[in-house]
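A.B. asks: predicted model follows, preceded by the sequence.
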Amino acid sequence: MTQTILKRQPSSITEGSTHYCGGCGHGITLRLIGEVVDELGVRENMILTSPVGCAVVMYDYLKCDSIECAHGRAPATGTAIKRVHPDKFVLIYQGDGDLAAIGTAEIIHAANRGENLTVIFVNNAVYGMTGGQMAPTTLIGQRTTTSPFGRTIKGMGRPIRICELLSNIEETKYIERVSVHNVRNIQKAKAAIKKAFNNQINGVGFSLVEILSMCPIGWRLSPQQSQKYIEEQMLHYFPLGVYRDVEY
Amino acid sequence: MEATHTGKKVLMKGNEAVGEAAIKAGCQCYFAYPITPQTETPEYLSRRMEETGRIFLQAESEVAAINMVFGAAAAGARAMTSSSSPGISLKQEGISYISAAQLPCVIVNVVRGGPGLGNIDASQADYIQSTRGGGHGDYRCIVLAPNSIQECYDMTMNAFDLADKYRIIVMIQNDGIIGQMVEAFEMHEYIPLFDNLPAKDWALTGCRGRQPNVCHTLYLGTNGLEKLNRQLQEKYARIQRELAWFEEYACENAELIIVAYGAVSRITKAAIKQLNGSGRRVGLFRPRTLWPYPSQRLAELAGKMKKPKFLVIEMSAGQMLIDVQLALMDVVPKKDIYFEGMGGGWYSSVEGTLKKVQEILG
């Protein structure tokens, strides 16, 4: 007897819908994390740190112990949790405003200490939760509610490339940039997330996966246009690939 | 200094005694950043935490340190940080979050002169910040105020127990004099304040065999935040009923009671001894908890006096003065509550205290 499975949700994710907007990359990323949590069987052995930003209530979706951190501070808070419970899996989930603006000190120093943590860094080039303001990762020329004439290098600086920055820190073990704007890249993103999970489980050390993610509402684009925006605009400035991988 | 003696008198700085008490009380995690005049605590604990197999981490900032305390406390560990005034201002973000999440931890503030970078001398100008919360939102921290190295040691132990009992931040409000002072004290073993403490069944330990524990402070869309605030206020009211520590000296039949805490209370007591020796009936009331403030006892003392007169002396422009005025508002006319304050790192003197008493009593 054959069975056709139309929809299967990872058991580590709560049933029902999320608050994420249609076409947003957070939902896809959540799904990938859920699948990896299931496959590695870590749900009951993990502690999630959720950020300030669109993923703030991620604890409503992932059925594990979790803490909602202050804006940008998850790498500090997560460091302490991992030091107290070195045998537990600690997942750090951050957005680009959280990690690359207000929390730059915390991420750099957690990386520099070589904390055995897994960081999922969702980069959608805007502050999504507050309605699409300019982020440290906003592209040159990109219009946002706080860069209405487009971001300029003069006075606003260039978008910060976190993978490139962190891969210069010798205590980091694995840094990769992926994207969730099409199926092929979603598969690659899942593989990267799984590797970053396994690294912590195997005691390898600091791993960060940057995920280029659509924000149709913040970008004032349709979901389809947003996928295209990543392909045609973001990938030029934020090249995908492995930036650091210290094999053990 | 061999720090493992027990029950013996040892000589130590206040900042080191705080560190050793934390070790004895089972502090598992300590996160800090250097700042004068508290740096002896991280220096001391960098060695002792390592020796005892615990977690010492010199954080990249005060902000990171308090957010590490947030994580460690949420994970169920006894956690502490220490700093001095400008650093405590930076920690207020985390202090508000930890208070909202109702997590236990200990924070030591070795107060220095302010505002701004101020100076590195003793001050009590962070009184309002400590006793009224300090960060955003309606919350309180228990605030303990030692005036000797023995009390630095004992109160640090007590702080961990009070924090665990009430799931609250306990601040040790030291000042640059007490933190830096070297004094003999009895380094006894850990003396628990309570027979037993509530289990930390809320801690983040992985949800094996139970529903997930979630530590959060965001409450959108429902009446959750209103409920949290009500719970907090009920808890604070309970603490106010159950906790009020103070010392009274020569208050019986006093015609003037001087209210002072921390280093100032030592100077005040020296002056009072001289005054008592020359027949002046002057007493000392020293709050040992700054929040809750021992208001009730202060009012009782006023009630026993024929013509009550109070003098508040503190190293600030009149911060504790407000609590004394509030405590006595129904029993003592405001004009009979005198004040002597000094700022910018200046402290009181025996001579100045004698002069002020002379002015008041004639």
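C.D. replies: Looks like it arrived, so ask away.

A.B. asks: chain center to the helix ranked longest in chain A: distance?
C.D. replies: Counting residues, the longest helix found in chain A (DSSP state H) is helix A:183-201. The gap between the average C-alpha position of helix A:183-201 and the chain average comes to 11 Å, counting by Cα atoms, centre = their mean, to the nearest Å.

A.B. asks: what parts of chain A come near chain B?
C.D. replies: Selection of chain A residues close to chain B by Cβ under 8 Å from any Cβ of the partner chain yields A:43-47, A:49-50, A:56-57, A:59, A:63-70, A:73, A:76-81, A:83-85, A:88, A:105-106, A:108-109. All C-beta atoms are positioned from the backbone trio N, CA, C, and that covers glycine.

A.B. asks: if you set the cut-off to 6 Å instead, what comes out?
C.D. replies: Neighbours of chain B within chain A, by Cβ under 6 Å from any Cβ of the partner chain: A:44-45, A:47, A:56, A:59, A:63-68, A:70, A:73, A:76-77, A:80-81, A:83-85, A:88, A:105-106, A:109.

A.B. asks: still on that earlier bit, mind listing what the following helix or strand past the longest helix of chain A pairs with, with the direction of each?
C.D. replies: Using DSSP states H and E, the helix or strand that follows helix A:183-201 towards the C-terminus is strand A:206-212. According to DSSP bridges, strand A:206-212 forms sheet pairs with strand A:118-123 (parallel), strand A:172-179 (parallel).

A.B. asks: can I get strand A:206-212 in CSV, CA atoms only?
C.D. replies: The C-alpha trace of strand A:206-212 is given here as CSV (Å, rounded to 0.1, in the frame of the first residue of the first chain):
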residue,chain,number,x,y,z
PHE,A,206,32.0,28.7,16.5
SER,A,207,29.8,28.3,13.4
LEU,A,208,27.8,31.0,11.6
VAL,A,209,25.5,30.6,8.6
GLU,A,210,24.3,33.8,7.0
ILE,A,211,21.0,33.4,5.2
LEU,A,212,20.0,36.0,2.5
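
A.B. asks: residues contacting that strand, please?
C.D. replies: Outside strand A:206-212, the residues within contact range by Cβ atoms under 6 Å, 6 or more residues apart in numbering or on different chains are A:29, A:111, A:114-115, A:117-123, A:162-163, A:172-180, A:189, A:192-193, A:196, A:199, A:230, A:234, A:238.

A.B. asks: give me the buried entries from the residues you listed.
C.D. replies: Buried subset of these (neighbour count, 16 or more other Cβ atoms under 10 Å in any protein chain shown): A:29, A:111, A:115, A:117-123, A:162-163, A:172-180, A:189, A:192-193, A:196, A:199, A:230, A:234, A:238.

A.B. asks: Three-state assignment for A:A76, please.
C.D. replies: The three-state label given to A:A76 by DSSP: H, G, I helix; E, B strand; the rest coil is helix.

A.B. asks: do the same with B:F285
C.D. replies: Three-state call for B:F285 (three-state DSSP): strand.

A.B. asks: give me every residue that touches it.
C.D. replies: B:E248, B:I257, B:V259.

A.B. asks: for chain B, which residue gets nearest to chain A?
C.D. replies: B:G71 (3.3 Å; Cβ to the nearest Cβ).

A.B. asks: how about the CA coordinates for whichever helix or strand that residue is part of, as CSV?
C.D. replies: Following DSSP H and E, one finds B:G71 within helix B:62-74. Extracted in CSV, the C-alpha atoms of helix B:62-74 (Å, rounded to 0.1, in the frame of the first residue of the first chain):
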residue,chain,number,x,y,z
GLU,B,62,29.3,45.9,30.9
VAL,B,63,26.3,45.4,28.5
ALA,B,64,27.6,42.0,27.5
ALA,B,65,28.4,41.1,31.2
ILE,B,66,24.9,41.7,32.4
ASN,B,67,23.4,39.9,29.4
MET,B,68,25.7,37.0,30.3
VAL,B,69,24.3,37.1,33.8
PHE,B,70,20.8,37.0,32.2
GLY,B,71,21.7,33.8,30.3
ALA,B,72,23.4,32.1,33.3
ALA,B,73,20.6,33.0,35.6
ALA,B,74,18.0,31.7,33.1
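
A.B. asks: just after it, pick out the following helix or strand.
C.D. replies: strand B:79-83.

A.B. asks: quick check: residues of chain B near chain A?
C.D. replies: Taking Cβ under 6 Å from any Cβ, the part of chain B that reaches chain A is made up of B:55, B:60-61, B:64, B:67-68, B:70-72, B:74-75, B:77, B:93, B:97, B:204, B:206-208, B:212-216, B:218.

A.B. asks: quick revisit: surely the residue of chain B closest to chain A is in contact with A:V84?
C.D. replies: No - applying Cβ atoms under 6 Å as the test, B:G71 and A:V84 come out as separate, 7.6 Å apart.

A.B. asks: pick out whichever of the two has more residues nearby.
C.D. replies: Under the criterion of other Cβ atoms under 10 Å in any protein chain shown, the comparison of B:G71 against A:V84 puts B:G71 first, with 33 against 24.

A.B. asks: how close does the residue of chain B positioned farthest from its centre get to A:V90?
C.D. replies: Most distant from the centre of chain B: B:G209, at 39.1 Å, with distances by Cα atoms, centre = their mean. Using Cβ to Cβ, to the nearest Å, B:G209 is found at 20 Å from A:V90.

A.B. asks: same question, B:I337
C.D. replies: 53 Å.

A.B. asks: which of those two has more neighbours?
C.D. replies: More neighbours surround A:V90 than the other of B:I337 and A:V90, with 30 against 20 (other Cβ under 10 Å).

A.B. asks: shouldn't the more buried one be in contact with A:I81?
C.D. replies: Yes - counting by Cβ under 6 Å, A:V90 does reach A:I81; the two are 5.4 Å apart.

A.B. asks: and stretch A:69-78, C-alpha only, in CSV?
C.D. replies: The C-alpha trace of stretch A:69-78 is given here as CSV (Å, rounded to 0.1, in the frame of the first residue of the first chain):
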residue,chain,number,x,y,z
CYS,A,69,17.3,38.1,24.4
ALA,A,70,17.9,41.9,24.5
HIS,A,71,18.5,43.4,21.1
GLY,A,72,21.9,42.2,19.8
ARG,A,73,22.9,40.5,23.0
ALA,A,74,22.1,36.9,22.1
PRO,A,75,25.8,35.9,21.6
ALA,A,76,26.5,37.1,25.2
THR,A,77,23.4,35.5,26.7
GLY,A,78,24.0,32.3,24.7
